[in-house]
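Asker: need a structure here:
(one chain, ligands or ions: 1)
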Amino acid sequence: MTSKKIIEVTAAIIRKGNRFLCARRKASSEQGGKWEFPGGKIETNESPEQCLERELHEEFAIQSVCGKFLCENTHDYGDKIIKLKAYFVKHTSGDFQLLAHQQIQWLNLNEMQQLDWAEADLPIVDKLTSHYK
Ligand SMILES: Nc1nc2c([nH]c(=O)n2[C@@H]2O[C@H](COP(=O)(O)OP(=O)(O)OP(=O)(O)O)[C@@H](O)[C@H]2O)c(=O)[nH]1
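Answerer: Numbering: from 1, shown residues only. Coordinates of the predicted model:
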């Protein structure tokens, strides 16, 4: 039996007032059409913080500074296991350009509950909600 590799992925919680950035994956990608916190796979010799700042620049052409860790969730999608690590990230400059997603929305915690999230994100949305309530 071959054991599935665990893929480490970062997720950025970016806040503007009482709203948070939610991003919808392109239809053609893995988890196509699902909502996520932007980020991506951690590369060799890269910290989660460096990964997030790099991914946010690649995905939106923005500059950012990665802050505190919120939580992590390991989820088995069947064909792969994702260890999703969520951090608070501060957007420091640049207007958001949609370079990798089909849509973004800034939503409050109640509105976020209505989205069709990637399964790995559901505990992170819950943790974020309890963090602010
Ligand atoms: N970035 C991100 N990926 C997530 C989240 N939730 C979740 O299940 N994933 C999954 O984690 C994996 C990360 O893939 P990605 O496509 O965002 O990462 P990447 O940009 O480094 O990918 P690539 O180098 O293969 O193009 C995908 O299978 C994606 O569906 C999330 O909140 N953010």
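
Asker: Might you enumerate the residues of the chain proximal to the ligand?
Answerer: 9, 11, 30-31, 36-41, 82, 84, 118, 120-121 (Cβ under 6 Å from any ligand atom). Heads up, the C-betas are built off the backbone N, CA and C, glycines and all.

Asker: residue ranges for the strands of the chain, please.
Answerer: 6-16, 19-25, 35-36, 39-41, 63-76, 81-93, 101-107 (DSSP state E).

Asker: where does this structure have low pLDDT?
Answerer: In the predicted model, the chain carries pLDDT under 70 at residues 1-2.

Asker: what do you get if the cut-off is 50, keeping everything else the same?
Answerer: Regions of the chain meeting the criterion pLDDT under 50 are absent.

Asker: before we move on, the earlier item: now the strands of the chain as JSON lines including mean neighbour count?
Answerer: Formatted as JSON lines, the strands of the chain follow (neighbours: other Cβ atoms under 10 Å):
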{"stretch": "strand 6-16", "mean neighbour count": "20"}
{"stretch": "strand 19-25", "mean neighbour count": "20"}
{"stretch": "strand 35-36", "mean neighbour count": "22"}
{"stretch": "strand 39-41", "mean neighbour count": "18"}
{"stretch": "strand 63-76", "mean neighbour count": "15"}
{"stretch": "strand 81-93", "mean neighbour count": "18"}
{"stretch": "strand 101-107", "mean neighbour count": "15"}
